[in-house]
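Student: Provide a 3D model corresponding to the input given below.
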Amino acid sequence: MSGHSKFANIKHKKEKNDAAKGKIFTIIGREIAVAVKEGGPDPNNNFKLAGVIAKAKANNMPNDTIERGIKKAAGDVGNVNYEYVTYEGYGPNGIAIIVDALTDNKNRTAADVRSAFTKGQGNIGTPGCVSFMFDRRGQIIIDKEECGLEADDLMMTALDAGAEDFAEEEDSFEILTDPDGLEEVRKALEDAKIPMLSAEVTMIPQNYVELTDENAVRNLQKILDLLDASDDVQAVYHNWDE
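Tutor: Modelled structure (predicted):
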C-alpha cells in the first residue's frame with residue numbers, strides 16, 4: 001500500500017494490488033467503520049464516507065460489500081474504537097517515510113512500526129520531521145490501456161471538473177486535485193465512464209532521492225515490506241526514486 005508516486009509500473013502495481021486485495025478490503029472496511037461513526041451512514045451527508053466509498057470503488061470493492069460494510073458499521077457504532085495515528089521517520093540515507101495507521105491498539109502499532117524501521121536500519125522521528133517535504137494532494141491514476149480517451153480529451157475532462165494538474169507517463173495518466181476537490185473530479189470521471197486505477201488523498205514528495213547503494217536499497221525495501229505486512233498500516237509514503 002505504498003502511497004508514493006512518481007508512477008510505479010502499472011503492471012507491478014496491479015500485481016501488488018491483486019496480491020494484497022484482502023488487506024486492502026480490510027483497510028477500507030476499517031475506514032468505512034470510522035467514517036460512519038463520525039458522520040453517519042449517508043454518503044450524501046458524510047463527505048468522509050463518500051471519499052472512502054470512492055476509494056473502495058477504485059480498488060474494485062463490490063458494491064454489495066461496500067453496502068454491507070456501511071450497514072454493519074451503522075449498527076455497531078458504539079463498538080468502533082479505531083483511531084488514526086501517523087508516524088514519521090527516516091530510512092537508509094535519510095529517505096523520508098510517513099506511515100498512516102488505523103488501529104485499536106496504539107501500543108501494538110507503534111511497536112510494529114518501530115520494529116520495521118529498526119530492522120531496515122532506519123529510525124522513527126518526531127511528528128513533523130519529514131511531512132514538510134510532502135504535499136497533501138488528491139491523486140487519480142488511470143491505466144492507459146483501460147482509458148478510451150486521448151490524453152488531451154482526458155486532461156480537459158479532468159480540468160473542467162476542477163483538477164489542478166495532469167501528467168502523462170508511458171503507461172498511465174496522473175490527475176492531481178486539491179484534497180477537498182478529489183470527490184468532485186472522481187465523480188466527473190466516473191460519470192464519463194473512465195475507469196480509475198486509484199483515487200485517493202495522498203502525500204506526494206516535493207523532491208525524490210535516488211539510492212545507489214545496494215545495501216541501502218535492500219534495507220529500505222525491508223522497511224517498506226514490513227510496514228506493508230502490518231494490518232494496522234493504511235498507507236506508506238516516501239521520497240525514494242525507485
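
Student: in the longest helix along the chain, which residues are buried?
Tutor: Scanning the chain for the longest helix, with DSSP state H as the assignment, gives helix 21-39. Counting neighbours by 16 or more other CB atoms under 10 Å, one finds that the buried residues in helix 21-39 are 23-25, 27-37. In short, each C-beta sits where N, CA and C put it, glycine included.

Student: can you check stretch 200-214 too?
Tutor: For stretch 200-214, the buried set under the neighbour-count rule, 16+ other CB under 10 Å, comprises 200-205, 211.

Student: do stretch 226-241 as well
Tutor: If you call a residue buried by 16+ other CB under 10 Å, then stretch 226-241 has these buried ones: 226-228, 230, 232-240.

Student: quick one, domains of the chain?
Tutor: Following automatic domain parsing, the chain resolves into domains at 10-79, 84-132+208-238, 133-205.

Student: counting neighbours, what do you get for the residue nearest to residue 151 when sequence neighbours are not counted?
Tutor: Among residues not flanking residue 151 along the chain, residue 168 sits closest, at 5.2 Å (CB to CB, 6 or more residues apart in numbering). By the measure other CB atoms under 10 Å, the count of residues near residue 168 is 15.

Student: tell me the bridge partners for residue 168.
Tutor: Going by DSSP bridges, residue 168 is paired in beta bridges with residue 173.

Student: with distance to residue 85 and pLDDT as extra columns, can I get the buried residues of stretch 200-214 in CSV?
Tutor: Putting the buried residues of stretch 200-214 into CSV (distance: CB to CB, whole Å; pLDDT from 0 to 100) gives the following:
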residue, distance to residue 85, pLDDT
200, 18, 84
201, 17, 87
202, 18, 91
203, 15, 94
204, 21, 93
205, 21, 94
211, 27, 92
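
Student: widest-spaced pair of those residues?
Tutor: Put simply, by CB to CB the two of these set farthest apart are 201 and 211, 26.8 Å from each other.

Student: about what we covered before: report the distance from the helix or strand that the longest helix of the chain is followed by to the chain centre.
Tutor: The first helix or strand that comes after helix 21-39 along the chain, using DSSP states H and E, is helix 47-58. On the basis of CA atoms, centre = their mean, to the nearest Å, the separation between the geometric centre of helix 47-58 and that of its chain is 12 Å.

Student: can you show me the CA trace of helix 47-58 as CSV?
Tutor: This file holds the C-alpha atoms of helix 47-58, laid out as CSV (Å, rounded to 0.1, in the frame of the first residue of the first chain):
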residue,chain,number,x,y,z
PHE,A,47,-18.1,13.7,2.9
LYS,A,48,-15.6,11.5,4.6
LEU,A,49,-17.7,8.4,3.9
ALA,A,50,-18.1,9.5,0.3
GLY,A,51,-14.3,9.6,0.0
VAL,A,52,-13.9,6.1,1.4
ILE,A,53,-16.6,4.7,-1.0
ALA,A,54,-14.7,6.3,-3.9
LYS,A,55,-11.5,4.6,-2.7
ALA,A,56,-13.4,1.3,-2.4
LYS,A,57,-14.7,1.6,-5.9
ALA,A,58,-11.3,2.5,-7.3
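
Student: what packs against that helix?
Tutor: Based on contacts counted as 3 or more CB pairs under 8 Å, 6 or more residues apart in numbering; DSSP states H and E, the elements that helix 47-58 packs against are helix 21-39, helix 63-74, helix 182-191, strand 198-205.

Student: any weak-confidence spans in this structure?
Tutor: Applying pLDDT under 70 to the chain flags residues 1-21, 77-78, 80.
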